[in-house]
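1. predicted model, plus sequence, below.
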Amino acid sequence: RPKVERSFHIFYYLLSQTKLASSLFLHPDPGHFAYLACSDITPAAAAGSSFQRDFAYVWKSMELLGWAKSDKVLIFKILAAILLLGNVTFDSSAGDDSTAVPAPDAPLEAIASLLAIPTSSLLAALTTRTLGASLKVPLSPASAVLARDSLAKHLYARLFDFVVAAINDSLADDATFADT
């Protein structure tokens, strides 16, 4: 896609909220995130009024649907975890047949905190494959990258499904839409 095009707009909206983004371990520059680095959105543009306005629309829409603040914050925690997952890299200096070891600067603790899971569980999900009930097989760095991206896609898909279902539930319960 063209460098000026952006996708997954919600990430840019989130980054425009510097206080919220900071509380979620996020840097305000979209270029800081592997999943957003392919766009030419500058930090100034990301903090720009259109992103801030659009975030306000999203937040207000969530309020109109009756979502609790805690639910809204949880959604943004998951989105932040997805962005940070893209920044997890694995040391491949020992070759493709080596066992995946996250790079020292991998934001594992932040991701685990956002997802409310132990860091050890996140590390295991990214670096091992479970066969049967108890056999754990270590992943290569290349396979760990695939596992990382699969986890991010799965989190995003589940979050999207949750949001769509919550919107549908809110609209179905609204008497205004009962006769349409």
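-> On my side now, so go ahead.
2. for the residue nearest to Phe25 when sequence neighbours are not counted, helix, strand, or coil?
-> For Phe25, ignoring the flanking residues on the chain, the nearest one in space by C-beta to C-beta, 6 or more residues apart in numbering is Ala110 at 3.9 Å. For the C-beta atoms, the positions are set from N, CA and C on the backbone; glycine is no exception. Following DSSP: H, G, I helix; E, B strand; the rest coil, Ala110 is assigned to helix.
3. 58 is where my numbering starts, stick with that
-> Shifting the count to begin at 58 puts that one at Ala167.
4. tell me which residue is most central in this structure.
-> Ile139 (2.0 Å; C-alpha atoms, centre = their mean).
5. any idea which helix or strand in this structure has the lowest mean pLDDT?
-> Sorting the helices and strands of the chain by mean pLDDT, DSSP states H and E puts helix 100-103 at the bottom, at a mean of 64.
6. and the first helix or strand past that helix going along the chain, how far out from the chain's middle?
-> Note on helix 100-103: by DSSP states H and E, the next helix or strand toward the C-terminus is helix 106-121. Offset of helix 106-121 from its chain centre (C-alpha atoms, centre = their mean, to the nearest Å): 18 Å.
7. alpha carbons of helix 106-121, as PDB, please.
-> What follows is helix 106-121, C-alpha atoms only, in PDB (Å, rounded to 0.1, in the frame of the first residue of the first chain):
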ATOM      1  CA  SER A 106      -6.300  17.200  15.700                       C
ATOM      2  CA  SER A 107      -8.000  14.800  13.300                       C
ATOM      3  CA  PHE A 108      -6.700  11.700  15.100                       C
ATOM      4  CA  GLN A 109      -7.700  13.300  18.400                       C
ATOM      5  CA  ARG A 110     -11.100  14.200  17.100                       C
ATOM      6  CA  ASP A 111     -11.700  10.700  15.700                       C
ATOM      7  CA  PHE A 112     -10.600   9.200  19.100                       C
ATOM      8  CA  ALA A 113     -13.200  11.400  20.800                       C
ATOM      9  CA  TYR A 114     -15.800  10.200  18.400                       C
ATOM     10  CA  VAL A 115     -14.900   6.500  19.100                       C
ATOM     11  CA  TRP A 116     -14.900   7.200  22.900                       C
ATOM     12  CA  LYS A 117     -18.300   9.000  22.700                       C
ATOM     13  CA  SER A 118     -19.700   6.200  20.500                       C
ATOM     14  CA  MET A 119     -18.700   3.700  23.200                       C
ATOM     15  CA  GLU A 120     -20.400   5.800  25.800                       C
ATOM     16  CA  LEU A 121     -23.600   6.100  23.700                       C
END
